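> Got a sequence here, can you model it:
(chains A and B)
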Amino acid sequence: MSESRHSTTSGKLVRLGFQEPELAAGQLVASPLSDQAVQCVVAALATSPDPDTALRSLTRVVDAAAEFPPLLADIDEALQQDSEVLIGMAGILGSSEALGDHLARHPEDWSLLGPTDRISSREVRTRLLEAVAADPESANPVAQAPYDLSLQQLRLAYRRQLLAIARRDVVAGESYENTVADLTDAADAALEAALAISRAEVGERANKCRLAVVAMGKCGGRELNYVSDVDVVFVVEAVDGDDQEAIQIGSELASGLMRACSTETPEGALWEVDAGLRPEGKAGALVRTLASHIGYYERWAKTWEFQALLKARAAAGDEELGRAYESETARFVWDAAGRPNFVADVQDMRRRVEDSVKGKGAQRQLKLGVGGLRDVEFSVQLLQMVHGRDDVLVRSGNTIEALESLADYGYVGRKDAAGLAAAYRFLRTLEHRLQLWRLRRVHVVPDDKTELRRLARSLSFRRDPVEEFETEWRAKQLEVRRLHEKLFYRPLLQAVARLEPGEARLSPGQAKERLTALGFVDPEAALGHLMALSAGVSRRAAIQRTLLPVLLGWFAGKPDPDMALLGFRRVSDTLGSTPWYLRLLRDESVAAERLAEILGSSRYTAELMTRDPAAVALLADTDDLAARNESTLESMALTSVIRRESSESGMSALRAFRRRELLRTSVADVLRLADVEQVGERLSALAGATITGALQAAIQAIAVEDKLGIRFLIVGMGRLGGAEMSYSSDADVMLVYEPLLGIDKETASREAQSLASQLRKLLSIPSADPELVLDLDLRPEGRSGPIVRTLDSYAAYYRQWSSPWEAQALLRARRVAGDPGLGADFATLIDPLRYPAGGLSQPDLIEMRRLKARMESERLPRGVEPARHVKLGPGGLSDVEWTVQLIQLQHAAQFPALQDTRTLPVLRIAQELDLIGNTEEQVLAEAWQLASRIRNAVMLATGRSSDVLPADSRMLGTVAHLLGYRPGAAQQLIEDYRRATRRSRRVVDDLFYGS
Amino acid sequence: MDKQTEFVLRTIEERDIRFIRLWFTDVLGTLKSVAVAPAELEGALAEGIGFDGSAIQGLARVSEADMLVRPDPATFQVLPWRGETKGIARLFCDILSPDGSPALADPRHVLKRTLARAADLGYTFYTHPEVEFYLFQSPHEPGGPPPEPIDRYGYFDNVPHSVAHDMRRATISMLEAMGISVEFSHHEGGPGQQEIDLRYADALTTADNIMTFRLVVKEMALEHGVVASFMPKPFPDHPGSGMHTHLSLFEGDGNAFFEPGAPYQLSKVARAFMAGLLRHGPEISAVTNQWVNSYKRIEGGGEAPAWVCWGHNNRSAMVRVPMYKPHKSGSTRLELRTLDAACNPYLALAVILAAGLQGIEQGYELPPGAEDDVWSLTPAERKAMGMTPLPGSLGQAVDVMESSELVAETLGEQLFDYLLRNKRAEWDQYRQQVTQFELDRYLPLL
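Model prediction:
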């Protein structure tokens, strides 16, 4: 023990970067190493990512070596004289505790801390096979060492490879590409050696079967991690034609191989071999013949499975069979883009990746997080599948290679590809360093400062390691986060831009291919819009050029990307250079995303919006889209008409008010901020307010100073009365008046007639805004009756003439505008009719059933398939409503809770009263809701009202999207609707027809 | 272009094929065919060719008549009976909606969809049908006398130099030439009645094979100057023609029905599958036995099953568990005996599979098996043993099917609705008939 050693004070150690100098000083003092060696070590450790751990590990290594003095002497000498070993020691022991453990158990491996050359895959294979005493020259090498020994030797040999690779990677600055290739070679060789062990276990019979181990995933792409499951698929072939036996033996070989890799021994385990990508996944057979694999891919496989096949590579076992598998499966991969559901599948897969990412919110996730590795790999593979069909040059299973070739041939911008590749290399290297520490499968970047510091130093950040690292990492994440934009969409803009010399780019044909794969039906027109939007030197064009790649990404996810792009062009042509509009888009706010959703799925809303582009501003704030209560709506409607110079200008303000409210409602509907009941309530309240406004305008037009000699009432009927209007519902109403005290009947009647016709006239003034149609056909005597009557006249009519259907219609009557007192009087008048004491008489019941039966056969339009008619088809709206109304006619007098104009609440109460069963209520409610939602969605999608599920498949797709179905699942909507109505029809048969 | 498509196009060139028949099947199982010239085939394979779907039974409504048929290149086959050169070839087709998604009413798609459901659970469905049919002297004229069978021989009779023998041989070699392996063939119990067993294959191939088989048999019969029919029960006093079908599920390459040491070597999966077949047997009846005449066979006694029950090697049970052959784990299977050869094989195999899968998924318990000849039991005995009858007529079968969620789910709502209406109409039409039986019995008496 000399002075010099003690002179290595804690103070010096602190300066060198030690966190626990006292502990370190103690270890140095006690070290069996010579003083010179200790001096060298101390100096070298200053460069280590983690000097404390490195010294701790080194101490264990030399302590272990001390038991073999010659070995200790060798190490001591090397540390003094071989600066390469010294650097290697500091680098490896400071970045991997696990490799330190290995060296402490096997100090004889110390020389691997010195520089090594890369070796060929053949050479690695030889070394690992020899480790288990198998003949590397044999076509089917068999391990000759005893089983337990073989397992240990394999692990040792493999770990030595790992040590050498890590030394080159961490210390010698080996490239990412070479590192992952070397790791893959080592894994291949380990699989081969594990197979040799398994062959020894199975014995002679192993020769009856050819087994190929095909690597998939990262191993297949020759881009393996330090530690990860190795994905494989096993292929067998009989040597003598007995498939059954070959499968049996192959299964034993395969599971033996998996065991040989995963079994824990004193030397640990290698890794898990994961065969989960095989046909039928975990449920499928472990091994299959080539023909059986092919059969599966021909018949069952899904698009994502073909994507997985892109990386298939013969890794071990029978090479010829493995290669045959590669080439046989390749055709599926490259045909996948031609599969009927490819576009839908791809959108689905992308969404799933994005969704799985969103939920996590894990900013520090390397693999699955936003801007993570998975995202890069997935997107590169997709582009390969789209363009690799026609272009064999972009088919590599390796992410970096694939990205480079995509750039070389113009499918991705060169700068974007280079930036992305750099980010990918950085993230993968970061992952490597994380995993190296304990040789564990880690994908989360720690937030502990000490760990972060080590990590940052191992990545060569030295000045302020943690800060520098975090900054760099964020920058790379950002790079990746813009990936879809860069990979998929920006090249499309470049395709229509002026060509920079020397830059390859998508040809128009390839651009169209890409647009088609993204779901555009008319790629020609889309290119035209892109050109128009991005052409020129204006500020607006410049902003559009940066925006469009993002927007295109959103459009591509909509059922009608073509309509979205066209709509966007229209809105932009109008709002063009309005500053707030450009700001709204540039910030990629929620508003811009919502705009894409609306333009890409709702023609109705898009048209309302084109009438009033400024309303785009509405999209910015969810609160702006909320429902307004009835009194607010009414006062807004009244404000529109009060004190206008003419009733025409008042009406046009009222119409504009209604249009804006329709827009707000439909936007809320498209964005799923309101359910079908709420939409019905909003539309009905809006109709009520509009009628109130129009009534006010009519009063202003005919009365002096708004003074009338009558009280006037507007009763809502039908869907308006039920507060469940659709976008296309007419307002069914009846008009009632009563003379004020002292006004004679004649005058009052004249005034009422003139007010009623003024009201109708005002509401039907031609205008570009949507019209609210007033329908008076439900009044007594229908079209031949007077349009307005006094309360007494209604009473007289109902006393004398009324038929069951009129009582039924009155079930939905409620005041929507006019005199509240008169409304109450009217209700008192009709209640005994619509809620008859004792329920319906038998003849009335029969009459009602017959009427309904006749309607079913007569009212359905010709040529329409009944099952697709949501109103009149079996089990549809009309079926459910008649059933509900029958229940009311029969029981509402007895149970006043049933006295409600709305369909669903009555159903609920009828169930609570046990008038109908739980299932019956659910079945009817489900059918009614689905039918109502479909009717609204058809209007939103097409801009035209229809009660029939569209036959046009694109329209149907849009309707399905609006109802929340995945792309390509439109047929499922029809199936669901048919099922719901089949069930509801059975209930209607039972409850309404009593059969 | 994938390899199979290349192969198809090359073969057409090399073999000088002049016409390609595109085959598909309507809801009732009738084979439909569109002929295209070789030049049109490539386009058809890539995009399908349009046709008016409303012209085909149950396929589409007038409003959505535009449909596509797209040939499945894996089913390419030169039709051998038209001579080797200047030949004709066929491909089975999938029917697509105009947007390229599978048409829900395509029976082949119904089966594919159900098979995909099985695949999700890890199963492949294998089937092996034994098809029976009669050979007659001449075609039947409406209102004409009862058909005349071509011979008077019976079960397994080896009839020297008979037309039947030649015709069976010709049929088998033709089937083999078309890649359909035949396991077994012999003279069946009725006069002129034949049986040909197809080798086991996955269910989609089996269904395609049955469609081909029915056509080949009819063609071959005509070439031999006789007429073949798959009508389930042409004679009141001779056995009907069924299509007993052996069923098994494979998990990967292993038989999921096999469990060494279990009773009859039947695994839990097999027992639950069988329980599913039994429980849902009545409601799938209108699909497995879809004609008025089908129920004449069911009710006719003999080897036809009329009650819901199973038995080990019991030929009167609805489901028979065949004798286990030692060391043949692959051959463990169930034999469903209700099916007749006049079914739509796609739909029938789909509902059979669906019933079995339901049993597996919901873990149905298998009721005890029947050891006796079910026909010889008294009604009280059968009742005591808990055997319920299968529907005795098409009308009953349709009534039971109408409330079946299983069948609706499997066939899809549209096809289900169509089938209900079509079968109900057939039953109503049949009920209006005045039969020979009534005339003979009542006219003299009443």
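
> for the closest residue to chain A within the stretch 151-300 of chain B, what are its contacts?
Going by Cβ to the nearest Cβ, chain A is nearest to B:Gly252 of the stretch 151-300 of chain B, at 2.0 Å. C-beta coordinates here come from the backbone N, C-alpha and C atoms, glycine included. Residues in contact with B:Gly252 (Cβ atoms under 8 Å, 6 or more residues apart in numbering or on different chains) are A:280, A:284-286, A:288, B:122.

> again, only this time at 6 Å
A:284-285 (Cβ atoms under 6 Å, 6 or more residues apart in numbering or on different chains).

> what do you get for the one 5 residues further on?
Applying Cβ under 6 Å, 6+ apart, we find B:Phe257 in contact with B:248, B:267, B:270, B:332.

> Give me the distance between the residue nearest to A:Arg155 when sequence neighbours are not counted and A:Ala131.
Spatial nearest neighbour of A:Arg155, chain neighbours left out: A:Glu267 (4.0 Å); criterion: Cβ to Cβ, 6 or more residues apart in numbering or on different chains. Separation of A:Glu267 from A:Ala131 (Cβ to Cβ, to the nearest Å) stands at 11 Å.

> what do you get for A:Gly576?
For A:Gly576, the distance to A:Ala131 (Cβ to Cβ) stands at 71 Å.

> Quick check on these two: which one has the bigger neighbour count.
Higher neighbour count among A:Gly576 and A:Ala131: A:Ala131, with 24 against 14, using other Cβ atoms under 10 Å in any protein chain shown.

> Read off the pLDDT value for the more buried one.
In this prediction, A:Ala131 carries a pLDDT score of 94.

> Just confirm B:Leu68 is within a strand.
Yes: checked against DSSP: H, G, I helix; E, B strand; the rest coil, B:Leu68 lies within a strand.

> these two touch, right, it and B:Leu96?
Yes: at 4.2 Å, B:Leu68 counts as touching B:Leu96 under the criterion of Cβ atoms under 6 Å.

> shared neighbours of those two, which are they?
B:Gly48.

> Doesn't A:Pro32 belong to a strand?
No: A:Pro32 sits outside any strand when classified using three-state DSSP, being coil.

> okay, now the residue lying closest to it once chain neighbours are set aside: neighbour count?
Spatially, and ignoring its direct neighbours in sequence, A:Pro32 is nearest to A:Ala66 (4.6 Å; Cβ to Cβ, 6+ apart). Neighbour count for A:Ala66, taken as other Cβ under 10 Å: 15.

> circling back: name the member of the contacts of B:Phe257 with the most neighbours.
Neighbour max across the contacts of B:Phe257 (other Cβ under 10 Å) = B:Ala270, 28 neighbours.

> check contacts around that one.
B:Phe257.

> element containing it, please.
Element membership of B:Ala270 [criterion: DSSP states H and E] is helix B:268-288.

> Looking at that helix now, give me its mean pLDDT.
The average pLDDT within helix B:268-288 is 96.

> Quick check: next helix or strand after that helix?
Next helix or strand after helix B:268-288 toward the C-terminus (DSSP H and E): helix B:294-298.

> hmm, who's touching that next one?
By Cβ under 6 Å, 6+ apart, the list of residues contacting helix B:294-298 reads B:232-233, B:240, B:304, B:306, B:340, B:393-394.

> Swap in 10 Å and give it another go.
For helix B:294-298, contacts defined as Cβ atoms under 10 Å, 6 or more residues apart in numbering or on different chains pick out B:132, B:231-236, B:239-242, B:285-286, B:288-289, B:291, B:303-307, B:318, B:337-340, B:342-343, B:389-397.

> I'd like to know which of those residues are buried.
B:132, B:231-235, B:239-242, B:285-286, B:288-289, B:291, B:303-307, B:318, B:337-340, B:342-343, B:390-391, B:393-397 (16 or more other Cβ atoms under 10 Å in any protein chain shown).

> any common contacting residues for A:Glu267 and A:Ala131?
Residues touching both A:Glu267 and A:Ala131 (Cβ under 10 Å, 6+ apart) are A:152-156, A:158.

> Which one of those sits in the busiest neighbourhood?
Result: A:Leu154 is most packed of these (other Cβ under 10 Å), 27 neighbours.

> ok, that one - contacts?
Counting by Cβ under 10 Å, 6+ apart, A:Leu154 has contacts A:128-129, A:131-132, A:143, A:145, A:189-190, A:193-194, A:196-197, A:260-261, A:265, A:267, A:270.

> Which among those residues count as buried?
Using 16+ other Cβ under 10 Å, the buried members of the contacts of A:Leu154 are A:128-129, A:131-132, A:143, A:145, A:189-190, A:193-194, A:196-197, A:260-261, A:267, A:270.

> Identify the spatial nearest neighbour of the residue in the stretch 51-200 of chain B positioned nearest to chain A, chain neighbours not counted.
Closest residue of the stretch 51-200 of chain B to chain A, Cβ to the nearest Cβ: B:Gly122 (2.9 Å). Nearest residue to B:Gly122, sequence neighbours excluded (Cβ to Cβ, 6+ apart): A:Ala283, at 2.9 Å.

> Can you check the pLDDT for whichever residue of the stretch 751-900 of chain A sits closest to chain B?
Closest to chain B within the stretch 751-900 of chain A is A:Glu865: 4.5 Å, counting by Cβ to the nearest Cβ. We have a pLDDT of 82 for A:Glu865.

> can you give me the strands for the stretch 651-800 of chain A?
For the stretch 651-800 of chain A, the strands defined by DSSP state E, counting those that start in this stretch occupy A:710-716, A:731-739, A:774-775, A:788-790.

> closest one to A:Val202 among these?
strand A:731-739 (81.5 Å; Cβ to Cβ).

> So for that closest one, mean pLDDT?
Strand A:731-739 shows a mean pLDDT of 95 in the predicted model.

> Give the pairing partners of it; include direction for each.
Here strand A:731-739 has these sheet partners by DSSP bridges: strand A:710-716 (antiparallel), strand A:774-775 (parallel), strand A:788-790 (parallel).

> So which of those strands is the most surrounded?
Among these, ranked by average contacts under mean count of other Cβ atoms under 10 Å in any protein chain shown, first place goes to strand A:710-716 (a mean of 24).

> any weak-confidence spans in the stretch 151-300 of chain B?
B:154-161 (pLDDT under 70).

> right, I mislabeled it, should have said the stretch 1-150 of chain B
The model of the stretch 1-150 of chain B has pLDDT under 70 over residues B:1, B:55, B:57-65, B:81-86.

> Try it again at 50.
B:62-63 (pLDDT under 50).

> Please, where are all the helices along it?
B:3-14, B:38-47, B:107-120 (DSSP state H, counting those that start in this stretch).

> Please work out which of those helices is packed deepest.
Mean neighbours per residue, mean count of other Cβ under 10 Å, is largest over the helices of the stretch 1-150 of chain B for helix B:107-120, with a mean of 21.

> elements contacting that one?
Judged by 3 or more Cβ pairs under 10 Å, 6 or more residues apart in numbering or on different chains; DSSP states H and E, helix B:107-120 is in contact with helix A:290-299, strand B:19-25, strand B:88-96, strand B:123-136, helix B:203-223, helix B:345-361, helix B:405-411, helix B:413-431.

> where does the stretch 101-250 of chain A come near chain B, residue by residue?
A:236, A:243-244, A:246-248, A:250 (Cβ under 10 Å from any Cβ of the partner chain).

> Let's see that with 7 Å instead.
Proximity of the stretch 101-250 of chain A to chain B, by Cβ under 7 Å from any Cβ of the partner chain, involves residues A:Ile247.

> so which of the helices of the stretch 1-150 of chain B comes closest to A:Tyr581?
Nearest of the helices of the stretch 1-150 of chain B to A:Tyr581, taken as Cβ to Cβ: helix B:38-47 at 41.8 Å.

> Distance of whichever residue of the stretch 301-446 of chain B sits closest to chain A relative to A:Leu735?
Residue nearest to chain A within the stretch 301-446 of chain B: B:Glu413 (3.2 Å; Cβ to the nearest Cβ). For B:Glu413, the distance to A:Leu735 (Cβ to Cβ) stands at 44 Å.

> So which of the contacts of helix B:294-298 are in strands?
Counting by DSSP state E, those place B:Glu132 in strands.

> I appreciate the help and will end here.
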